[in-house]
Structure formats: C-alpha cells, structure tokens
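Chemist: Task: produce atomic coordinates for the following.
(chains A and B)
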Amino acid sequence: MPSHHIAVAEEPRDPGTEQRNARVGLRLFWVYLAFYLGFVSVNAFAPSVMDTVLAGGLNVAVVSGFALILGAAILALVYAYLCRKPHGAAR
Amino acid sequence: MIHDPSTLAVIVFLTFVLFTLALSFYLGRKTRSAAGYYTAGGGVPWFVNGVAFAGDYLSAASFLGICGMISVYGYDGFLYSIGYLGGWVVALLVIAEPLKRLGKYTFADALDKAFNSRGIKLAAAISTLVVSVFYLIPQMVGAGVLIRPLLGFPHWAGVCIVGAVVTLIVATAGMASTTWVQFIKGGLLVLFAAGLTVLILQRGFKADASAESLLPQTVTIQPDGTKLVNGLPQGRGEGETDLRPVGHISKLPGGQSETGPLNPVEFLGALRDSEVVLWTAKTTTADDGTKTTTYTPKPTAGADVLRPGNSPTFKGIQGDSLPAKLNFVSLMLALFCGTASLPHILIRYYTVKDAAAARKSTVVGIATIGGFYILTLFLGLGAMTGGMLDVTNSNMAAPLLAKSFGTWPFALISAVAFTTVLGTVSGLIVAASGAIVHDLLGGTLKMTLTDGAKVRIGKFASIGVGLIAVVLGIVFEKMNVNFLVGWAFSVAASANLPALVMLLFWKRTTATGIIASIVVGMLTSLAWILLSGDTFKDVYGLPAEQSPVPFSQPGIVTIPLSFAVLVLVSLVSGRTWRSGPA
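Modeler: This is a model prediction of the structure:
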C-alpha cells in the first residue's frame, strides 16, 4: 500500500453513548482527583497528620496510600460497569 | 560490593532470555504489514493487552527504583507508587476511549485527525522521541544493575546485552512480540512479587545489635583509579576486603530478638515500633584528587521510616520551605499527568479492536499494576531489613532481597526483572520507531512508502534508538532509576497531556495551538530539568545552590503553562474545530 495511511476498520460510532461514557468518566475522574489532591496537599502542607496512628498500628500515610491505590482499582471497576457500548457494536 | 555469579541464576536467566527471543522470532514470522509491526494488527485480546499494560508500565523504575528507594528511605518511595497508579485513572477515565477512536498508529494520529497538519505530526514525533529516550535511560541503567549480581559483568556489559537483545526482539516482530512478552512478563512479575512478599512476611524481623553492624564504611578512589574499601584494596584475597552488606533492624519492640511470621498489618506495625539502621553517604575530595565516600549508619525510628520526608527528594516537606513543598507537589502532579502521555502506553490503545476493549484492558491494567504497587511497600521494607543491601547502589535492593531467600528466588526474580526491562525497552523503541516512520517520514515529509519499506525503515530506526539508549544507560549509571523516570513523566505530561486533553474537550482548539503547546511544554520542561538543582548536583557536579530555578521538578509550572499557551494561541489563531469531542 503506497500511502502513509493504513486502512484500519472503523468501529461503529454512537455519539450519544460516547458522550454519556465521557461524562461518567469525567465525574469519576473529578472524585479521584479530589482525593489525590487532598493526599498530596496534606503530605506537603500538614505532614504531621500523616504520622497519626490509626487502627492496627498503621499510620495515616500508609492507610491513605493503600486507599488511593485500591480506590483507583474500585473506581475503574465502577466505570467499566457504568459504561455502555455504542449501539450496533457486538456485545 | 563484589557480586559473584551463580550457575543456577545464569541458567534460569538464559532460559528466560532465549524463550523471549524464540517467541519474538515465532511471532515475527507472522508480521508482514506496517499495521502488524506497529500495532499488532489491532487484534490483541483486551485481557492480554491489559496485563501487557502492566508489563509495559512495571518497568525498571517500578521494580528496581521504587523498591530501592523504599529500602533506603522508607515511605518516600511508596509515594511514587501512589503517583504512578493515580496516572492510570487519568488514562482510563479521560483518555483511553477517545484516543482509541481517533488514532491508528501513534498518538500524533489522534492529535492530527481533525487538522491534517504537518506541524502537529512533526511536534508530536519529536515529543515522542524525546520522552522515549528519557524513559529509555532508566531502563538501560536498570539492565546494568541486574546484570552485575546475576552474571558478575560490569554495568556497561549489562546495558549492551539489553541493547542487543531488544534490538533483536524489535527488529524481528515489533508490537506483536512486544505485547506477548509484556503479557508473560507482567503476569510473572506480579506473581513473583507476591511470592516474595509472602516470604518476607514469613521471615518477619530479626534484630542485629552487633557493634560491627554499626561501623561506618568507606570507598576511596585514588587519582590512579585504584579503589580502596575501608583503606584496603577491594577483593576477596589476602590483604583485601569488600563492603559489608547492610540493612537491618537494631531494636525490635519489647526487646525481642525476632518476631517470627507476621501478617501484613503486624509487619507494618512491628516496623513502626522498631529502630532501623539506615545509611547516609557523604563524598569528599582531597587536594590530590582522591575521592572518599563515607557510608555512615544512622539508627532511625521505624515511625520515621513510615512517614513522608525522609529522602533528599522529599525531605523539604517536613520543613517550612515553600519551594521544597512545591517541588513535591510538582512531582506528584507530573506522575499523575504523565502516565496518560507516555508514547509506549498510548500506542497500546491501538493494539485492541475498539474503544470498549481499550477501556476493559485499562481496567485490567489498573488492577494488575495496583496489586503490584501495594506489594512494593513490603518488598522495599523487606529489603531495608533483610541484611543484603549494597550500600553503594539502591537500585539493586530488589534482586538482593530475593538473594537473601536463596538462589532460586534470586534467579527467578532477576530473570523476570530483566525481561521486564527488555519488554519496556521494546515498547519504547517501537513507539520511537513509529514516530520516525509514520509521523516524521510519512506525515511531515510526505514520503510515499510501501508497507514493507515502513517496516524496514522502522527496524533501522529501532537500531538507532537502541544505540542511543545504550550510550545514555552507561553515562547515567549512578542515578536512581526512579528519579530518572520522574523526569520522563514531567516532560511527557508537559508536552503531550495538555494537547490531548484540550483536543478532546475544548472545541476551539486549533492546530497552531496544539503545536505551540507541545513545543512550549517540551522545551520548558527540558530546560527546567537541565537547570535544576538536582541536575547541577548529580550530573554537572556543581553545587545545587547555583541552579537558577527555585525547585527541581518542573510539572507545576510547565503543565499549566502548556495548557495556557494552547488556549492563548488557539484563541489568537482563531481556527476552530467544531466537530465536537471524540
């Protein structure tokens, strides 16, 4: 094929579903961003809070770090659950 | 430290490498078209692609760099784990699906879809090359780190071996083999890291209160290049000595001598109530040029190890200096924004069939990568207290931790880690080669190339990029790989993310705005890094105070700047894109 563009099969478009999925994604993104910014801000401007010991001898630093990692995985699953496929796409 | 090779480790290592190469040759026979070479024909199953995401992402920085940083400074290394994973939320929720719908080979396709602009292709291609090379440096450094204890070869030999093997992989099959190598290696890395964590928890902690464990150690390099350890020539013969392995707990809670097996919460709790011996390094140079590095043990409360601010990178957050705090925020911002801007991650969205597969593979990637990052805290702290650390090189913490459990764990972990480096380097080289052939030659210079020519030129480009990576991997030997990756994230986030996000969500974005944003983001972040205190100190050997920039991490300045430039230039240039977000 002489052209620099290669033909790749286009998937069916469904602007309504695409925009709905994008809205869901953005809402969840803002939720995570708020937690992430909160975590970074506390570390930067109130680091002594991170020393506070919670249950089991774990401090806020460790618990909040684990929560952000596990929270991302949970959010990803929620997003996958809420998203729809475009009309006409194979299920 | 002198590291002796073990026959078993060498056999396991060679088996892994030969298997990887055989897989590449096998898949390479099926790859004929450019679409096959650069995107595996878009036919990779979403689950395989998701685990391959983990393979791409859990690079030398994640395994060697984070574990190394945690083993030396504690919680600060874990901050990288949190930031790296946070970046995947941006990739999944903001970028994945529209990017898949817009592009074909490279992320420049997506940026350029509405404009067909040579300028966008050129700017995106250069940005891809710069970020790929920046990201390649720590991978090559990591390769050298692994080869030393495994085969006993010097650092440069490890870098050259990786360069040669990866060039063979990429030059044979491109994205298809890279994907399957990443899938296997990503899965194995997480499984072996989990196994290693179980061994760490089973071992628990032992206290070592011996006087010898608290003796300082020195390494002296004389003007003629002779190396002395604690005043004696380094070696195993008579009249020679070597550095002691370090990393232990000096006091356990309640005066215990050992804890026995612990569960994860008990492990962290016991460490918090213990005293750990960390090590500081200080280098002095005498008038005759003799350079002496003194490593001094520093008993540290476990509670301090489990809070942020222990490392030179982050220590400012415990003080009152605003620039130091902004430096930390800046790095965390770059890690958050950088993942969704990395070329070798972005091209993986083109290896699956549709947007839904892109989404599902990202979810699998997040689950796999998140699981690994949780383990990094245990791996790093296990290395910190396992008594096997090389005081001269933090990057070796993870393989040496495995070595503390015997030759088999060491052999398996080293082999998987080496394949990790191979896979990540392969992905980066495919991304760079795609940028050269598809964006520079095809898009910018409008060269008409047959499919076969694209693949051939791509393979030559891969060899060229591989050679550059080898040279830089040797030059940057001593730098923590995690730190180097932080730079790559800053450049990627500043150059690529604003253009991608605004293209998707702001209808008045113009081609000129995108070009200006990429160029300004890339140049300002690069300039900031080259003028930073860390670069002055670690690369130029100059006092950090001479740096003209107030803190080392550029993201907090250059990412908003890149957004602002895009908005301003788009408004001025006035051409609107009305087709709506993808």
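
Chemist: Which neighbouring elements make contact with the worst-scoring helix or strand of chain A on mean pLDDT?
Modeler: Sorted by mean pLDDT, DSSP states H and E, the helices and strands of chain A end with helix A:15-45, the least confident at a mean of 91. Using 3 or more Cβ pairs under 8 Å, 6 or more residues apart in numbering or on different chains; DSSP states H and E as the contact test, the elements touching helix A:15-45 are helix A:60-82, helix B:75-90, helix B:96-102, helix B:322-338. In this view, the C-beta of every residue, glycine as well, is placed from N, C-alpha and C.

Chemist: right, and those helices - which one's nearest residue B:415?
Modeler: Minimum separation from residue B:415 across the helices and strands packed on helix A:15-45 (Cβ to Cβ) falls at helix B:75-90, 23.0 Å.

Chemist: Report the inter-axis angle for that closest one versus helix A:60-82.
Modeler: On the basis of axes from the mean of the first three to the mean of the last three Cα atoms, to 10 degrees, helix B:75-90 is oriented at 20 degrees to helix A:60-82.

Chemist: Low-confidence stretches in chain B?
Modeler: Across chain B, the ranges flagged by pLDDT under 70 are B:28-42, B:103-105, B:171-174, B:478, B:480, B:482, B:575-582.

Chemist: Check it for its longest helix and report it.
Modeler: In chain B, taking DSSP state H as the definition, the longest helix is helix B:118-151.

Chemist: Tell me the helix or strand right after it.
Modeler: Tracing the chain C-terminally past helix B:118-151 and defining elements by DSSP states H and E, one meets helix B:155-173 next.

Chemist: my read is residue B:116 is in a helix, agree?
Modeler: No - Residue B:116 sits outside any helix when classified using DSSP: H, G, I helix; E, B strand; the rest coil, being coil.

Chemist: Any idea how many residues pack against it?
Modeler: 10 (other Cβ atoms under 10 Å in any protein chain shown).

Chemist: And residue B:270, by the same measure?
Modeler: Residues near residue B:270, counting by other Cβ under 10 Å, number 20.

Chemist: Quick check, residue B:162 in contact with residue B:425.
Modeler: Yes - counting by Cβ atoms under 8 Å, residue B:162 touches residue B:425, with 6.3 Å between them.

Chemist: at contact distance from chain A, anything in stretch B:245-253?
Modeler: No - using Cβ under 8 Å from any Cβ of the partner chain as the criterion, no contacts between stretch B:245-253 and chain A are found, and the smallest distance is 9.7 Å.

Chemist: Show residues contacting that stretch.
Modeler: Under the criterion Cβ atoms under 8 Å, 6 or more residues apart in numbering or on different chains, residues B:1, B:71, B:205-209, B:213-214, B:258-259, B:270-271, B:273-277, B:279, B:295, B:297, B:299, B:383-391, B:400 lie in contact with stretch B:245-253.

Chemist: What separates the first and last residues of that stretch, distance-wise?
Modeler: In terms of Cα to Cα, to the nearest Å, the two terminal residues of stretch B:245-253 are separated by 24 Å.

Chemist: For residue B:493, which non-adjacent residue is spatially closest?
Modeler: On the basis of Cβ to Cβ, 6 or more residues apart in numbering or on different chains, the spatially nearest residue to residue B:493 that is not a chain neighbour turns out to be residue B:337, at 3.7 Å.

Chemist: Could you do residue B:549 as well?
Modeler: When the adjacent residues along the chain are set aside, residue B:549 lies closest to residue B:531, with 5.1 Å between them (Cβ to Cβ, 6+ apart).

Chemist: What is the one helix or strand residue B:178 maps to packed up against?
Modeler: Following DSSP H and E, one finds residue B:178 within helix B:175-203. Helix B:175-203 sits against helix B:7-28, helix B:34-39, helix B:46-57, helix B:155-173, helix B:264-272, helix B:355-384, helix B:397-403, helix B:407-434, with contacts defined as 3+ Cβ pairs under 8 Å, 6+ apart.

Chemist: picking that back up, any chance of the helices and strands packed on helix A:15-45 in JSON lines with distance to residue B:511 as columns?
Modeler: Written out in JSON lines, the entries for the helices and strands packed on helix A:15-45 read as follows (distance: least, Cβ to Cβ, whole Å):
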{"stretch": "helix A:60-82", "distance to residue B:511": "31"}
{"stretch": "helix B:75-90", "distance to residue B:511": "24"}
{"stretch": "helix B:96-102", "distance to residue B:511": "14"}
{"stretch": "helix B:322-338", "distance to residue B:511": "22"}
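
Chemist: Let me know which of those is tucked in deepest.
Modeler: Burial of the helices and strands packed on helix A:15-45 is given as mean neighbour count (mean count of other Cβ atoms under 10 Å in any protein chain shown); helix B:75-90 ranks first at a mean of 27.

Chemist: Report the inter-axis angle for that one versus helix B:322-338.
Modeler: What separates the directions of helix B:75-90 and helix B:322-338 is an angle of 40 degrees, with the same axes, to 10 degrees.

Chemist: so helix B:75-90 versus helix A:15-45, what angle?
Modeler: Between the axes of helix B:75-90 and helix A:15-45, defined by the same axes, to 10 degrees, the angle is 160 degrees.

Chemist: which residues does the residue most central in space within chain B contact?
Modeler: Nearest residue to the geometric centre of chain B (Cα atoms, centre = their mean): residue B:61, 2.9 Å. Residue B:61 sits next to B:80, B:138, B:139, B:142, B:481, B:482, B:484, B:485 when contact means Cβ under 8 Å, 6+ apart.

Chemist: for it, helix, strand, or coil?
Modeler: For residue B:61, the assignment made with three-state DSSP gives helix.

Chemist: From residue B:222, how far off is the closest residue to it other than its chain neighbours?
Modeler: Ranked by Cβ to Cβ, 6+ apart and with sequence neighbours excluded, the top spatial neighbour of residue B:61 is residue B:485, at 3.7 Å. Separation of residue B:485 from residue B:222 (Cβ to Cβ, to the nearest Å): 34 Å.

Chemist: Which one of the two is surrounded by more residues?
Modeler: Each of residue B:485 and residue B:222 had its neighbours counted (other Cβ under 10 Å), and the higher figure belongs to residue B:485 (27 against 14).

Chemist: hang on, that one in a helix?
Modeler: Yes - using three-state DSSP, the assignment for residue B:485 is a helix.

Chemist: and it, what does it touch?
Modeler: By Cβ under 8 Å, 6+ apart, residue B:485 lies in contact with B:59, B:61, B:65, B:135, B:138.

Chemist: Please verify my assumption that the last one contacts residue B:488.
Modeler: Yep, that's residue B:138 we're talking about. Yes - look at residue B:138 against residue B:488 with Cβ under 8 Å: they come within range, at 7.5 Å.
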